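**Student:** Predicted model and sequence follow; I will ask about them next.
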Amino acid sequence: MKFNRGLNKTEQEKKLVKLYKEYLQITKEISLIPYIELKKPIFYSFGIQWSINIQSSKYMNEYKLILEKYTKVKRIKNIKSSQNVYPDVIKLNKKQYYDFVQLYPDALRWFIKSKTKDRKVEYIFNKMNILKKEIVKIMITHLKDINPNLESRKKEIQKTLFENIENKGKIDNLKGIKNKWKEDDVKRKYKLIQILFPTEISNY
């Protein structure tokens, strides 16, 4: 990620930039560490994900493909906590969307266009009536042998850069990302609520 060189950076901002570059370097080092396969899978936690809630459809194979490729398991503390929690909406970036509809043209009407906070286009799967949430076990099959000092330093930088709202705002500003509360953000969030809870919204 390149920073805006046109800005006059203060000493504090220079330190934040230095920290951010160190964070990227550590992240890269960790990503290059190979995984070690475990002899037996280890239980990590429970999670929730979307699954198909219909018995038959001429698009069943396409629906299954979307779930297989683009759904993510959301970790939960325990089964009881899953009652009021839902998996994340299914989102495709621009390339993923165009590749998919090129293969399956009927899928054009299954998505709505939206934008992320940094104004990137994404496509959200809107056929929530065919989905249900299910509880799954998250198992660990591979591990990385990461230097504890490296991992500790990464968490320390994360806390400084991303858990501090002021520092995160400065980093985003230097990267050219504007995080202003706009009417568009409200509309985008309302759209997501409409997708997840259409009945509740219509009866409100």
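**Tutor:** Everything's here; your move.
**Student:** Run through the residues that contact I140.
**Tutor:** L38, P41, I42, F43, Y44 (C-beta atoms under 8 Å, 6 or more residues apart in numbering). Quick note: C-beta positions are derived from backbone N, CA and C, even for glycine.
**Student:** Secondary structure, neighbour count and pLDDT added to the residues you listed, as JSON lines?
**Tutor:** As requested, those are exported to JSON lines (DSSP: H, G, I helix; E, B strand; the rest coil; neighbours: other C-beta atoms under 10 Å; pLDDT from 0 to 100):
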{"residue": "L38", "secondary structure": "strand", "neighbour count": "12", "pLDDT": "91"}
{"residue": "P41", "secondary structure": "strand", "neighbour count": "12", "pLDDT": "92"}
{"residue": "I42", "secondary structure": "strand", "neighbour count": "11", "pLDDT": "92"}
{"residue": "F43", "secondary structure": "strand", "neighbour count": "9", "pLDDT": "91"}
{"residue": "Y44", "secondary structure": "strand", "neighbour count": "12", "pLDDT": "89"}
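**Student:** For those residues, please prepare a markdown table with the additional fields distance to D145.
**Tutor:** What follows is those, written out as a markdown table (distance: C-beta to C-beta, whole Å):
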| residue | distance to D145 |
| --- | --- |
| L38 | 12 |
| P41 | 18 |
| I42 | 15 |
| F43 | 20 |
| Y44 | 17 |
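**Student:** Which residue is the nearest non-sequential neighbour of Q12?
**Tutor:** K170 (7.7 Å; C-beta to C-beta, 6 or more residues apart in numbering).
**Student:** buried residues in the strand or helix carrying the one you found?
**Tutor:** Here K170, judged by DSSP states H and E, is contained in helix 165-174. Buried positions in helix 165-174, judged by neighbour count with 16 or more other C-beta atoms under 10 Å: N167, K168, K170, I171, L174.
**Student:** Let me know the closest of those to K115.
**Tutor:** Nearest to K115 among those is K168, at 19.9 Å by C-beta to C-beta.
**Student:** Quick one: residues contacting the closest one.
**Tutor:** Counted by C-beta under 8 Å, 6+ apart, K168 has contacts L161, F162.
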